[in-house]
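Asker: I would like to see how this sequence folds:
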Amino acid sequence: MLSSQEIRKQTVVEQGASNAFEPETNFLKVLGAGFGRTGTKSLRNALNQLGYTTHHMENVLMDSTQDAEIFENAYKNPEDPVDWTRAYKGYNAAVDWPSTAFFDRLYKLNPDAKVILTIRDPESWHRSVCNTIHEWPAVDDTWPKQILKARKMARVVVRDGELGGENIEGRKDELIEKFKKHIEHVKATVKPENLLIMTLGDGWEKLCPHLGLDIPEDVPYPHANKGEDFKKLLESVKNEVIKANTTKQAIAAAQ
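Answerer: Prediction:
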(Lines give C-alpha, C1' and ligand atoms only; values in the text may rest on other atoms or scores of the structure.)
Protein backbone atom coordinates (compact mmCIF):
# COMPACT_ATOMS: atom_id res chain seq x y z
CA MET A 1 0.00 0.00 0.00
CA LEU A 2 1.32 3.45 -0.93
CA SER A 3 1.94 5.96 1.82
CA SER A 4 0.12 9.29 1.73
CA GLN A 5 3.35 10.98 0.63
CA GLU A 6 3.84 8.49 -2.21
CA ILE A 7 0.25 8.97 -3.31
CA ARG A 8 0.71 12.75 -3.33
CA LYS A 9 3.91 12.50 -5.39
CA GLN A 10 2.27 10.10 -7.84
CA THR A 11 -0.67 12.45 -8.26
CA VAL A 12 1.62 15.39 -8.95
CA VAL A 13 3.48 13.41 -11.59
CA GLU A 14 0.25 12.27 -13.24
CA GLN A 15 -1.01 15.84 -13.40
CA GLY A 16 2.21 16.99 -14.99
CA ALA A 17 3.86 18.81 -12.11
CA SER A 18 6.14 20.96 -14.23
CA ASN A 19 3.16 22.42 -16.07
CA ALA A 20 0.50 22.19 -13.38
CA PHE A 21 0.64 25.92 -12.68
CA GLU A 22 1.86 28.66 -14.95
CA PRO A 23 2.05 31.58 -12.49
CA GLU A 24 2.30 35.10 -13.81
CA THR A 25 5.52 36.97 -13.29
CA ASN A 26 5.81 40.37 -11.67
CA PHE A 27 2.36 40.07 -10.10
CA LEU A 28 3.76 41.73 -6.98
CA LYS A 29 4.93 45.32 -7.30
CA VAL A 30 6.32 45.38 -3.76
CA LEU A 31 7.80 42.44 -1.86
CA GLY A 32 8.55 42.69 1.83
CA ALA A 33 11.58 40.65 2.87
CA GLY A 34 11.62 41.33 6.60
CA PHE A 35 10.70 38.79 9.27
CA GLY A 36 7.55 39.36 11.28
CA ARG A 37 7.92 41.75 14.23
CA THR A 38 10.07 44.21 12.26
CA GLY A 39 7.34 46.76 11.57
CA THR A 40 5.62 44.74 8.87
CA LYS A 41 2.07 45.72 9.81
CA SER A 42 2.98 49.39 9.85
CA LEU A 43 4.55 48.90 6.42
CA ARG A 44 1.42 47.10 5.20
CA ASN A 45 -0.74 50.02 6.33
CA ALA A 46 1.63 52.55 4.78
CA LEU A 47 1.65 50.74 1.43
CA ASN A 48 -2.14 50.58 1.46
CA GLN A 49 -2.29 54.33 2.07
CA LEU A 50 -0.07 54.77 -0.97
CA GLY A 51 -2.51 52.83 -3.15
CA TYR A 52 -1.24 49.27 -2.99
CA THR A 53 -3.29 46.27 -1.88
CA THR A 54 -0.93 44.55 0.52
CA HIS A 55 -0.92 40.95 1.73
CA HIS A 56 -0.03 40.34 5.40
CA MET A 57 -0.65 37.52 7.88
CA GLU A 58 -3.65 39.48 9.15
CA ASN A 59 -5.19 39.26 5.69
CA VAL A 60 -5.00 35.48 5.80
CA LEU A 61 -7.06 35.65 8.98
CA MET A 62 -9.62 38.19 7.77
CA ASP A 63 -9.94 37.90 3.99
CA SER A 64 -12.48 35.18 3.22
CA THR A 65 -10.98 34.73 -0.27
CA GLN A 66 -7.67 33.66 1.23
CA ASP A 67 -6.75 29.97 1.43
CA ALA A 68 -4.25 29.39 4.23
CA GLU A 69 -3.65 25.84 3.02
CA ILE A 70 -1.87 27.12 -0.10
CA PHE A 71 0.91 28.51 2.06
CA GLU A 72 0.91 25.57 4.44
CA ASN A 73 1.22 23.02 1.62
CA ALA A 74 3.85 25.11 -0.16
CA TYR A 75 5.99 25.08 2.96
CA LYS A 76 5.54 21.39 3.71
CA ASN A 77 6.07 20.33 0.09
CA PRO A 78 8.68 22.72 -1.34
CA GLU A 79 9.20 20.68 -4.51
CA ASP A 80 5.54 20.79 -5.52
CA PRO A 81 4.15 23.46 -7.86
CA VAL A 82 2.25 26.30 -6.23
CA ASP A 83 -0.53 28.42 -7.66
CA TRP A 84 0.99 31.69 -6.46
CA THR A 85 -1.34 33.70 -8.68
CA ARG A 86 -4.28 32.31 -6.75
CA ALA A 87 -2.50 32.75 -3.42
CA TYR A 88 -2.11 36.48 -4.06
CA LYS A 89 -5.27 37.11 -6.06
CA GLY A 90 -6.40 40.65 -5.36
CA TYR A 91 -3.02 41.74 -3.98
CA ASN A 92 -0.12 43.53 -5.66
CA ALA A 93 2.17 43.78 -2.64
CA ALA A 94 3.13 41.38 0.15
CA VAL A 95 4.86 41.78 3.50
CA ASP A 96 5.25 39.73 6.70
CA TRP A 97 4.92 35.99 7.09
CA PRO A 98 3.85 33.78 5.39
CA SER A 99 5.26 35.62 2.34
CA THR A 100 8.71 36.14 3.85
CA ALA A 101 9.11 32.38 4.27
CA PHE A 102 8.89 32.10 0.47
CA PHE A 103 11.09 35.09 -0.29
CA ASP A 104 13.43 33.35 -2.74
CA ARG A 105 10.60 31.77 -4.70
CA LEU A 106 8.56 34.96 -4.84
CA TYR A 107 11.51 37.13 -5.78
CA LYS A 108 12.33 34.77 -8.63
CA LEU A 109 8.78 35.26 -9.96
CA ASN A 110 8.83 39.00 -9.26
CA PRO A 111 12.33 40.18 -10.23
CA ASP A 112 11.11 43.72 -10.92
CA ALA A 113 9.44 44.14 -7.52
CA LYS A 114 10.58 46.84 -5.17
CA VAL A 115 11.94 44.86 -2.22
CA ILE A 116 11.67 46.32 1.28
CA LEU A 117 13.74 44.69 4.00
CA THR A 118 12.48 45.70 7.42
CA ILE A 119 14.96 45.17 10.25
CA ARG A 120 15.37 45.99 13.94
CA ASP A 121 17.81 45.31 16.74
CA PRO A 122 18.12 41.49 16.93
CA GLU A 123 17.75 41.36 20.71
CA SER A 124 14.61 43.48 20.52
CA TRP A 125 13.26 41.32 17.69
CA HIS A 126 13.73 38.14 19.72
CA ARG A 127 11.93 39.62 22.72
CA SER A 128 9.04 40.69 20.55
CA VAL A 129 8.71 37.24 18.96
CA CYS A 130 8.72 35.59 22.38
CA ASN A 131 5.87 37.86 23.49
CA THR A 132 3.68 37.56 20.42
CA ILE A 133 3.74 35.46 17.28
CA HIS A 134 5.41 32.35 18.63
CA GLU A 135 2.03 31.32 20.03
CA TRP A 136 -1.34 32.97 19.62
CA PRO A 137 -2.72 33.59 23.12
CA ALA A 138 -6.35 32.73 23.96
CA VAL A 139 -7.20 31.21 20.57
CA ASP A 140 -9.17 27.98 20.94
CA ASP A 141 -11.47 25.75 18.89
CA THR A 142 -14.46 28.05 19.44
CA TRP A 143 -12.92 30.71 17.17
CA PRO A 144 -14.00 31.05 13.49
CA LYS A 145 -12.69 28.30 11.20
CA GLN A 146 -10.94 30.84 8.99
CA ILE A 147 -8.80 31.96 11.92
CA LEU A 148 -8.12 28.39 13.04
CA LYS A 149 -6.92 27.46 9.53
CA ALA A 150 -4.66 30.50 9.52
CA ARG A 151 -3.31 29.55 12.95
CA LYS A 152 -2.58 26.02 11.73
CA MET A 153 -0.72 27.43 8.74
CA ALA A 154 1.18 29.88 10.94
CA ARG A 155 2.28 27.05 13.21
CA VAL A 156 3.64 25.09 10.24
CA VAL A 157 5.26 28.02 8.44
CA VAL A 158 6.31 30.30 11.30
CA ARG A 159 6.43 28.60 14.68
CA ASP A 160 7.62 25.13 13.68
CA GLY A 161 9.18 26.22 10.39
CA GLU A 162 10.93 29.58 10.38
CA LEU A 163 11.28 29.73 14.17
CA GLY A 164 12.20 26.07 14.54
CA GLY A 165 9.60 24.88 17.04
CA GLU A 166 9.35 25.06 20.82
CA ASN A 167 11.62 26.69 23.41
CA ILE A 168 12.05 29.90 21.48
CA GLU A 169 13.38 31.69 24.54
CA GLY A 170 16.01 29.03 25.17
CA ARG A 171 17.16 29.12 21.55
CA LYS A 172 17.80 32.84 21.52
CA ASP A 173 21.30 32.70 20.00
CA GLU A 174 20.18 30.30 17.27
CA LEU A 175 17.25 32.48 16.26
CA ILE A 176 19.17 35.72 16.32
CA GLU A 177 21.79 34.13 14.08
CA LYS A 178 19.07 33.07 11.64
CA PHE A 179 17.61 36.57 11.74
CA LYS A 180 21.00 38.07 10.86
CA LYS A 181 21.70 35.52 8.12
CA HIS A 182 18.35 36.23 6.50
CA ILE A 183 19.16 39.93 6.36
CA GLU A 184 22.53 39.26 4.73
CA HIS A 185 20.95 36.80 2.28
CA VAL A 186 18.41 39.38 1.11
CA LYS A 187 21.13 42.00 0.71
CA ALA A 188 23.17 39.59 -1.40
CA THR A 189 20.21 38.47 -3.50
CA VAL A 190 18.30 41.60 -4.47
CA LYS A 191 19.44 44.01 -7.14
CA PRO A 192 20.75 47.04 -5.20
CA GLU A 193 18.55 49.48 -7.11
CA ASN A 194 15.46 47.51 -6.07
CA LEU A 195 16.31 47.11 -2.37
CA LEU A 196 15.28 49.41 0.46
CA ILE A 197 16.27 48.68 4.06
CA MET A 198 13.94 50.16 6.67
CA THR A 199 14.39 50.05 10.41
CA LEU A 200 11.89 50.84 13.15
CA GLY A 201 11.35 54.58 13.18
CA ASP A 202 11.82 55.10 9.44
CA GLY A 203 8.84 56.54 7.60
CA TRP A 204 7.54 58.21 4.47
CA GLU A 205 10.81 60.06 3.80
CA LYS A 206 12.58 56.77 3.22
CA LEU A 207 9.75 54.70 1.74
CA CYS A 208 8.23 57.02 -0.85
CA PRO A 209 11.38 57.88 -2.85
CA HIS A 210 12.11 54.16 -3.20
CA LEU A 211 8.65 53.65 -4.71
CA GLY A 212 8.80 56.78 -6.84
CA LEU A 213 5.83 58.30 -5.01
CA ASP A 214 5.15 61.62 -3.36
CA ILE A 215 5.19 61.82 0.43
CA PRO A 216 1.62 62.10 1.76
CA GLU A 217 0.90 65.56 3.14
CA ASP A 218 -0.23 65.87 6.76
CA VAL A 219 -0.49 62.08 7.13
CA PRO A 220 1.72 60.47 9.79
CA TYR A 221 3.45 57.22 8.96
CA PRO A 222 1.41 54.42 10.60
CA HIS A 223 2.69 52.63 13.68
CA ALA A 224 0.73 49.48 14.42
CA ASN A 225 0.81 46.13 16.20
CA LYS A 226 2.90 46.93 19.23
CA GLY A 227 3.75 43.79 21.17
CA GLU A 228 1.71 44.71 24.20
CA ASP A 229 -1.40 45.05 21.99
CA PHE A 230 -1.13 41.61 20.37
CA LYS A 231 -3.84 39.88 22.41
CA LYS A 232 -6.21 42.77 21.82
CA LEU A 233 -5.39 42.59 18.12
CA LEU A 234 -6.37 38.93 17.96
CA GLU A 235 -9.65 39.64 19.73
CA SER A 236 -10.35 42.46 17.30
CA VAL A 237 -9.65 40.19 14.32
CA LYS A 238 -11.94 37.53 15.79
CA ASN A 239 -14.79 40.02 16.19
CA GLU A 240 -14.34 41.35 12.66
CA VAL A 241 -14.43 37.85 11.16
CA ILE A 242 -17.53 36.90 13.17
CA LYS A 243 -19.23 40.14 12.08
CA ALA A 244 -18.38 39.51 8.42
CA ASN A 245 -19.61 35.91 8.61
CA THR A 246 -22.87 37.00 10.24
CA THR A 247 -23.44 39.59 7.52
CA LYS A 248 -22.83 37.01 4.78
CA GLN A 249 -25.26 34.59 6.38
CA ALA A 250 -27.90 37.30 6.68
CA ILE A 251 -27.49 38.27 3.03
CA ALA A 252 -27.67 34.63 1.92
CA ALA A 253 -30.81 34.06 3.99
CA ALA A 254 -32.50 37.11 2.47
CA GLN A 255 -31.89 36.00 -1.11
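Asker: quick one: the residue nearest in space to the middle of the chain from residue 37, how far?
Answerer: Centroid-nearest residue in the chain, with Cα atoms, centre = their mean: residue 97, separated by 2.7 Å. Using Cβ to Cβ, to the nearest Å, residue 97 is found at 10 Å from residue 37. (C-beta placed from N, C-alpha, C; glycine too.)
Asker: what touches both of the two?
Answerer: residue 133 (Cβ atoms under 8 Å, 6 or more residues apart in numbering).
Asker: picking that back up, contacting residues for the residue nearest to the centre of the chain?
Answerer: By Cβ under 8 Å, 6+ apart, the residues touching residue 97 are 35, 36, 57, 133, 154, 157, 158, 162.
Asker: Try it again at 7 Å.
Answerer: For residue 97, the contacting residues are 36, 57, 157, 158, 162, by Cβ atoms under 7 Å, 6 or more residues apart in numbering.
Asker: Reformat these as TSV; add pLDDT and secondary structure.
Answerer: Putting the contacts of residue 97 into TSV (pLDDT from 0 to 100; DSSP: H, G, I helix; E, B strand; the rest coil) gives the following:
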residue	pLDDT	secondary structure
36	94	coil
57	94	helix
157	97	helix
158	95	helix
162	96	helix
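Asker: can you pick the most crowded of these?
Answerer: residue 36 (27 neighbours; other Cβ atoms under 10 Å).
Asker: So for that residue, what's the nearest residue that isn't a sequence neighbour?
Answerer: Nearest non-adjacent residue to residue 36, counting by Cβ to Cβ, 6 or more residues apart in numbering: residue 97, 4.8 Å away.
Asker: Likewise for residue 174?
Answerer: Excluding its sequence neighbours, the residue lying closest to residue 174 (Cβ to Cβ, 6+ apart) is residue 164, at 7.0 Å.
Asker: remind me which residues of the stretch 151-255 of the chain are low pLDDT?
Answerer: Within the stretch 151-255 of the chain, the segments meeting pLDDT under 70 span 225-231, 245, 247-255.
Asker: Swap in 80 and give it another go.
Answerer: 224-255 (pLDDT under 80).
Asker: Tell me where it has helices.
Answerer: Using DSSP state H, counting those that start in this stretch, the helices of the stretch 151-255 of the chain run over residues 172-189, 204-211, 230-254.
Asker: Let's have those helices in a markdown table, adding distance to residue 219 and mean neighbour count.
Answerer: A markdown table is the format used below for those (distance: least, Cβ to Cβ, whole Å; neighbours: other Cβ atoms under 10 Å):
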| stretch | distance to residue 219 | mean neighbour count |
| --- | --- | --- |
| helix 172-189 | 28 | 14 |
| helix 204-211 | 8 | 16 |
| helix 230-254 | 22 | 13 |
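Asker: For residue 101, which of the ones you listed is the nearest?
Answerer: Minimum separation from residue 101 across the helices of the stretch 151-255 of the chain (Cβ to Cβ) falls at helix 172-189, 10.2 Å.
Asker: Show me what that closest one is packed against.
Answerer: In terms of contacts (3 or more Cβ pairs under 7 Å, 6 or more residues apart in numbering; DSSP states H and E), helix 172-189 is packed against strand 114-119, helix 122-131.
Asker: Next up, the contacts around the residue nearest to residue 223 when sequence neighbours are not counted.
Answerer: Closest residue in space to residue 223, ignoring its immediate chain neighbours: residue 42 at 5.3 Å, by Cβ to Cβ, 6+ apart. Each residue near residue 42 by Cβ under 7 Å, 6+ apart is listed here: 222, 223, 224.
Asker: where does the helix or strand in which residue 42 is found sit relative to the chain's centre, distance-wise?
Answerer: Using DSSP states H and E, residue 42 sits within helix 40-49. Here helix 40-49 is found 12 Å from its chain centre; the criterion is Cα atoms, centre = their mean, to the nearest Å.
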